[in-house]
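>>> this one's structure only:
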């Protein structure tokens, strides 16, 4: 790897697979932010005044999404009403740590958080489902229920759109 960033001559930190450019950390972030903004703008993904739920699991993808959406919304005056939407599946010990991360994201990015549970949305938790159906295919059921829970949560919270990290 070349030792210099192709854009600013600082020490390169990585080579972008997309362009093969050697970039420092700052220039990489700027390129990424510019490309995401270009995609949002050229595709007219959002309109000013829209309420956008950011699906927040507490993992890397949703945390980066929350960062990118709040940053670009402020920097480019999208005029979006952003909020974090998190789903608690009701699996003992599974979501606790990641919900703490989502709560920290609420503070870090200064956007409201709504946590909805399977119990609130469906009247049962995933642990109760597993007691009935067993462990075979429970991940498949949970994945389907989770996506539907985000959709239901978006409707309950009057979101115009839901942004997901993957």
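Right, received. Where do you want to start? Please read these numbers as outputs of a predicted model, since none were measured by experiment.

>>> State the three-state secondary structure for the residue nearest to residue 165 when sequence neighbours are not counted.
Spatially, and ignoring its direct neighbours in sequence, residue 165 is nearest to residue 61 (3.1 Å; C-beta to C-beta, 6 or more residues apart in numbering). All C-beta atoms are positioned from the backbone trio N, CA, C, and that covers glycine. Following DSSP: H, G, I helix; E, B strand; the rest coil, residue 61 is assigned to helix.

>>> Please apply the same query to residue 7.
Put simply, residue 7 is coil when judged by three-state DSSP.

>>> burial measure for it, as a count.
By the measure other C-beta atoms under 10 Å, the count of residues near residue 7 is 16.

>>> Let me know the pLDDT of it.
Predicted confidence (pLDDT) for residue 7: 95.

>>> tell me the contacts of it?
Residues near residue 7 by C-beta atoms under 8 Å, 6 or more residues apart in numbering: 21, 23, 24, 27.

>>> ok, now with 10 Å
For residue 7, the contacting residues are 21, 22, 23, 24, 26, 27, 28, 30, 31, by C-beta atoms under 10 Å, 6 or more residues apart in numbering.

>>> repeat for residue 49
Counting by C-beta under 10 Å, 6+ apart, residue 49 touches 78, 79, 80, 81, 160.

>>> Would you list the strands that the longest strand seen in the chain pairs with, along with their directions?
Secondary structure of the chain per DSSP state E: the longest strand is strand 81-88. For strand 81-88, the paired strands and their directions (DSSP bridges) read strand 51-55 (parallel), strand 113-117 (parallel).

>>> rewinding a little: tell me the two of the contacts of residue 7 that are most distant?
Spanning the widest gap among the contacts of residue 7 are 22 and 30, at 14.5 Å by C-beta to C-beta.

>>> among the helices and strands of the chain, which one scores worst on average pLDDT?
Of all helical and strand segments in the chain, the minimum by mean pLDDT, DSSP states H and E falls on helix 126-133, at a mean of 88.

>>> Give me the distance from that helix to the chain's centre.
Distance, stretch centre to chain centre, for helix 126-133: 27 Å (C-alpha atoms, centre = their mean, to the nearest Å).

>>> ok, residue 85 touching residue 158?
No: between residue 85 and residue 158 there is no contact under C-beta atoms under 10 Å: 11.4 Å.

>>> what's the overlap in contacts for these two?
Counting by C-beta under 10 Å, 6+ apart, the shared contacts of residue 85 and residue 158 are residue 53.
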